[in-house]
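Engineer: sequence? don't have it. structure:
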């Protein structure tokens, strides 16, 4: 359906609560709550969230790392669960974060980008929840 719509330059509207299927079929989504469009976003292998991305970071020196992370302007949000940090950061700021941690002798065990799923984004926008 996506290919046919693209080839004929046609928009197809799908209203569904099965978000995994919407993520597979659509290239743009609108989040609607109480009849009001809350956000319109593109999908490219994950949800595009303006100018931020999410990374997962695992280190040994947790408290020291937390203090350094709090001092960085490129970090928009920090959460910690099950021995890993989840960071919402400005796009393209991973090198700056890694450099700052290495400069402060923080041993990085693992770092990777987390692609936000449509369901996570829905909860964040429509239900007011935070992506954790």
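Structural biologist: Great, that's in hand. Just so you know, these numbers come straight off a predicted model, no measurement behind them.
Engineer: pop the domain breakdown of the chain in here.
Structural biologist: 2-47, 52-114 (automatic domain parsing).
Engineer: do you know which of these lies nearest residue 126?
Structural biologist: Closest to residue 126 of those, according to C-beta to C-beta: domain 2-47, at 4.5 Å. For the C-beta atoms, the positions are set from N, CA and C on the backbone; glycine is no exception.
Engineer: and that closest one, how far out from the chain's middle?
Structural biologist: Computed by C-alpha atoms, centre = their mean, to the nearest Å, the chain-centroid distance of domain 2-47 equals 17 Å.
Engineer: again, but for stretch 60-73
Structural biologist: 20 Å.
Engineer: cool, stretch 77-97 as well?
Structural biologist: So, by C-alpha atoms, centre = their mean, the centroid of stretch 77-97 is 10 Å from its chain's centroid.
Engineer: same check on stretch 72-86?
Structural biologist: Put simply, stretch 72-86 sits 12 Å off its chain's centre (C-alpha atoms, centre = their mean).
Engineer: if I look at residue 24, how far off is residue 118?
Structural biologist: According to C-beta to C-beta, to the nearest Å, residue 24 and residue 118 sit 9 Å apart.
Engineer: so these two - more neighbours on which side?
Structural biologist: Neighbour comparison, residue 24 and residue 118: the larger count goes to residue 118, with 20 against 12 (by other C-beta atoms under 10 Å).
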